[in-house]
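A.B. asks: how would this look folded up:
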Amino acid sequence: MNIGRHKLDGCKFLSSFYGSNIVGKFFKRIQSVSNIPKKCPVPGNELFEIRNYTILDSEYPPVAPALTYQILLQIEMDNKITADIFIEGSVIY
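C.D. replies: Purely as a prediction, here's the structure:
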């Protein structure tokens, strides 16, 4: 099931990781298990990874249902896909 397609400014999104939104709650811990850049410009020809990251139950909205999900993010520059980001996870109670 495809539930949406959105375009946004990647540098603004990257800088929003430090905000108080949902992503911001995870970002400090994500930084400890990844090599994701903290700001733009993002270096080219480099593999960025998040490995062995587990979301703590205190970080996840309590009303979220148990589910398995897959997210594909495609980064475009000048209408050309320059990166694919694949996220897969499960919420288990």
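A.B. asks: okay, now the unreliable bits of the chain?
C.D. replies: 1-3, 17-26 (pLDDT under 70).
A.B. asks: and the helices in it, which stretches?
C.D. replies: When assigned using DSSP state H, the helices of the chain occupy the ranges 10-16, 22-32.
A.B. asks: what residues sit buried inside the first one?
C.D. replies: The reference is to helix 10-16. Residues 10, 14 are the ones in helix 10-16 that count as buried (16 or more other CB atoms under 10 Å). Where you see a C-beta, it was placed from the backbone N, CA and C, and this is true even at glycine.
A.B. asks: roughly how far out does that helix sit from the chain middle?
C.D. replies: Relative to the centre of its chain, helix 10-16 is centred 11 Å away, using CA atoms, centre = their mean, to the nearest Å.
A.B. asks: keeping just the C-alphas, turn it into CSV.
C.D. replies: Included here for helix 10-16 are C-alpha records, laid out as CSV according to Å, rounded to 0.1, in the frame of the first residue of the first chain:
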residue,chain,number,x,y,z
GLY,A,10,16.3,18.0,2.3
CYS,A,11,18.6,20.6,4.1
LYS,A,12,15.6,22.0,6.1
PHE,A,13,14.6,18.4,6.9
LEU,A,14,18.1,17.5,8.1
SER,A,15,18.3,20.5,10.3
SER,A,16,14.8,19.8,11.7
